[in-house]
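1. how would this look folded up:
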Amino acid sequence: MHTIPACLHKIGIVSKETADVLVHCEHVGGKLKMKKVVSVLMAGIMAMSLAACGQSSTAAAASTAAASAAGTSAASSNEAVEVSVAAWDKNFNIPALKAAEADYQKNVNPNFKLNIIEESQSSDVENAITLAASSGDYSTLPDIVLFQDHYIQKFVKDYPDAWQDLEDTDVDWSDFGAEKLSFSTIDGKHYGMPVDNGTAIFAYRTDLLQEAGYTIDDMKGISWDKWIEVGKAVYEKTGKYLMSMDGDGNDLPYMMLQAEKSSQFKDGQPYITENETMIKVIDVIKRAVDAHALYLANDWSDYTDQTIVGDMVAGVMNGNWIIPTIEQVQENSGKWEITSLPTLEGGQEGFASNGGSSLYVTGKSKNAAAAKDFLAKTFGAGSTETYDAALTNGGVIGCSTKAGKSDVYNQGVAYFNNQAIYAKIVEMGANVPVVEQSDYHYTCRTQIAAAIQNIINGADEQSALKDAEDQLKFAMQG
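-> Purely as a prediction, here's the structure:
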């Protein structure tokens with residue numbers, strides 16, 4: 001059965017490239033929303049607005065282009081220069097960009113201006129790249145775009161002229177974790193400047209653990225079997241689950257696998273039914289549900305609004321971007337602490353990541369030298385002025401280990417019992433293992449999530465996973 005984007009391509013409404021991206025890009029908060037297809041077809045209007053920003057050419061911009069040709073940056077010489085960047089999330093990514101702009105203006109070029117083009121969601125940027133590729137004119141794009149880590153390799157492969165690498169910048173790449181860089185390093189070249197840290201945390205209500213006879217220290221380096229035992233005790237004592245997860249867009253298998261240094265893919269192909277680690281992970285999830293240690297929510301809203309904000313859980317495991325959701329329950333301030341993830345065998349800490357994005361310079365940027373200099377001297381330099389303000393103003397936890405040593409990062413957070421969670425998250429992020437990634441990450445997530453629901457409802461585990469693997473292979477062949 002064809003997807004809606006495939007049908008639109010079949011009848012000639014959209015190109016193959018646009019249809020491919022619609023399949024991968026019309027998700028919001030991790031869930032597919034097919035109704036976005038129609039609005040995406042109107043994205044030409046948005047592309048035109050991007051063109052207006054990308055093609056704006058003042059006398060200052062002209063001098064910047066000349067400076068770029070000479071191998072120098074006008075931005076560094078106090079000449080007026082404007083660099084455009086497209087990004088989403090006014091409460092998260094936008095404050096981080098404004099922090100970097102203020103830092104660069106103060107310490108490098110007071111006449112620098114960052115023209116921030118605020119998009120409603122990440123897929124707006126992805127669609128703009130596809131539309132520019134369809135027209136054959138990448139000059140319509142901003143100088144810089146924020147792009148999701150899980151999608152960038154496909155977009156660089158499909159549209160190589162849409163991007164510039166950052167090999168000519170003075171950046172200490174060893175300051176960033178290997179796993180974060182694995183997304184944006186393509187054919188040995190660095191393309192992206194890391195921004196937000198997707199390191200996974202396990203946050204626990206220490207007061208509820210105590211009711212069941214446990215402490216936060218008992219949860220560090222714990223096995224999943226022991227974790228289920230604790231979860232069962234917590235539920236019996238408090239009526240709360242030790243964890244919840246969106247059962248529709250289930251990120252749990254991916255994070256559990258990564259903590260085991262394993263992937264859902266092997267040599268570019270689905271690795272599910274023959275993956276012994278995957279089989280064990282699925283078994284843990286089913287047993288956790290049966291023990292009332294894990295609650296699988298119906299959808300993203302149920303997960304965030306009902307289980308976390310609705311105070312149904314004694315623990316939360318996800319990318320650290322989930323912290324603001326936890327903090328919405330003010331009466332629980334001081335009751336939470338964080339640690340690393342369980343593993344199958346236990347006796348060691350588990351580390352994983354979920355989500356995250358980086359900044360990329362576009363292929364036909366007229367201000368490429370200035371854009372690269374801006375990125376290198378703010379996010380790329382581990383500047384505490386950029387990272388501290390991004391954290392304070394937008395809650396963005398960066399990826400720079402150098403910045404993670406600042407006083408701001410090492411301050412205790414009252415909500416988390418004065419634990420210095422931000423420094424801890426940066427430290428954990430440096431230990432996340434590199435595992436094989438795929439352009440079909442989200443397609444795989446959808447199929448595995450469906451298989452888990454079927455298994456919980458009584459389906460044969462091996463048959464359900466075989467069906468998921470077959471569906472994934474079919475999608476990858478399309």
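2. Identify the residue spatially nearest to A293, adjacent ones excluded.
-> G231 (2.5 Å; C-beta to C-beta, 6 or more residues apart in numbering). All C-beta atoms are positioned from the backbone trio N, CA, C, and that covers glycine.
3. To clarify, my last question referred to F374.
-> Using C-beta to C-beta, 6+ apart and skipping the chain neighbours, the partner closest in space to F374 is Y104 (5.4 Å).
4. Let me see the contact set for that neighbour.
-> A75, F112, L114, F374, K377, T378 (C-beta atoms under 8 Å, 6 or more residues apart in numbering).
5. Check the spacing between it and A80 real quick.
-> 13 Å (C-beta to C-beta, to the nearest Å).
6. Between those two, which contacts overlap?
-> F112.
7. where do the strands sit along the stretch 101-250 of the chain?
-> Secondary structure of the stretch 101-250 of the chain (DSSP state E, counting those that start in this stretch): strands at 112-119, 144-148, 163-164, 185-186, 189-190, 192-194, 200-205, 243-246.
8. surely the residue nearest to A293 meets M243?
-> Yes. Counting by C-beta atoms under 8 Å, G231 does reach M243; the two are 7.2 Å apart.
9. which residues do the two both contact?
-> The contact sets of G231 and M243 overlap at A288, A293, L294, G315 (C-beta under 8 Å, 6+ apart).
10. Can you name the residues that contact the third one?
-> To tie it back to what came earlier, the one meant is L294. Residues in contact with L294, defined by C-beta under 8 Å, 6+ apart, are G231, Y241, L242, M243, S244, M245, I285, A288.
11. got any ranges where the stretch 351-478 of the chain has weak pLDDT?
-> Scanning the stretch 351-478 of the chain for pLDDT under 70 picks out no residues.
12. How much space separates the residue lying closest to A314 once chain neighbours are set aside from K424?
-> Spatial nearest neighbour of A314, excluding adjacent residues (C-beta to C-beta, 6+ apart): L208 at 4.0 Å. Distance of L208 to K424, computed by C-beta to C-beta: 21 Å.
13. what residues go with each domain of the protein?
-> 43-194+359-395, 200-352+434-477 (automatic domain parsing).
14. Any regions of the stretch 1-150 of the chain where pLDDT drops low?
-> Looking at the stretch 1-150 of the chain by pLDDT under 70, you get 1-76.
15. and with 80 instead?
-> Scanning the stretch 1-150 of the chain for pLDDT under 80 picks out 1-77.
16. Give the full set of residues in contact with E101.
-> For E101, the contacting residues are F112, K113, L114, by C-beta under 8 Å, 6+ apart.
17. N332 now?
-> Counting by C-beta under 8 Å, 6+ apart, N332 touches R205, D311, I326, Y415.
18. Same check on E167?
-> K189, H190.
19. Check the gap between it and A369 for me.
-> In terms of C-beta to C-beta, E167 sits 14 Å off from A369.
20. Repeat that for M245.
-> M245 sits 45 Å away from A369, going by C-beta to C-beta.
21. For Y360, what is the enclosing helix or strand?
-> Using DSSP states H and E, Y360 maps to strand 357-362.
22. how about that strand as PDB, C-alpha atoms only?
-> Extracted in PDB, the C-alpha atoms of strand 357-362 (Å, rounded to 0.1, in the frame of the first residue of the first chain):
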ATOM      1  CA  SER A 357      20.500  19.000  16.000                       C
ATOM      2  CA  SER A 358      23.500  21.000  14.600                       C
ATOM      3  CA  LEU A 359      24.100  24.100  12.500                       C
ATOM      4  CA  TYR A 360      25.100  23.900   8.900                       C
ATOM      5  CA  VAL A 361      26.400  26.400   6.300                       C
ATOM      6  CA  THR A 362      24.500  26.200   3.000                       C
END
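23. any idea of the angle it forms with strand 144-148?
-> Interaxial angle of strand 357-362 relative to strand 144-148 (axes from the mean of the first three to the mean of the last three C-alpha atoms, to 10 degrees): 140 degrees.
24. what distance separates strand 357-362 from the centre of its chain?
-> 13 Å (C-alpha atoms, centre = their mean, to the nearest Å).
25. same check, this time on stretch 143-159
-> Put simply, stretch 143-159 sits 13 Å off its chain's centre (C-alpha atoms, centre = their mean).
26. and the contacts of E101 as TSV, adding neighbour count?
-> Below are the contacts of E101 laid out as TSV (neighbours: other C-beta atoms under 10 Å):
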residue	neighbour count
F112	23
K113	16
L114	21
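27. which ones are touching E211?
-> Contacts of E211 by C-beta under 8 Å, 6+ apart are V234, K237, T238.
28. hmm, try it at 7 Å
-> Neighbouring residues of E211 by C-beta atoms under 7 Å, 6 or more residues apart in numbering: K237, T238.
29. Distance of it relative to G239?
-> Noted for E211: a distance of 11 Å to G239, by C-beta to C-beta.
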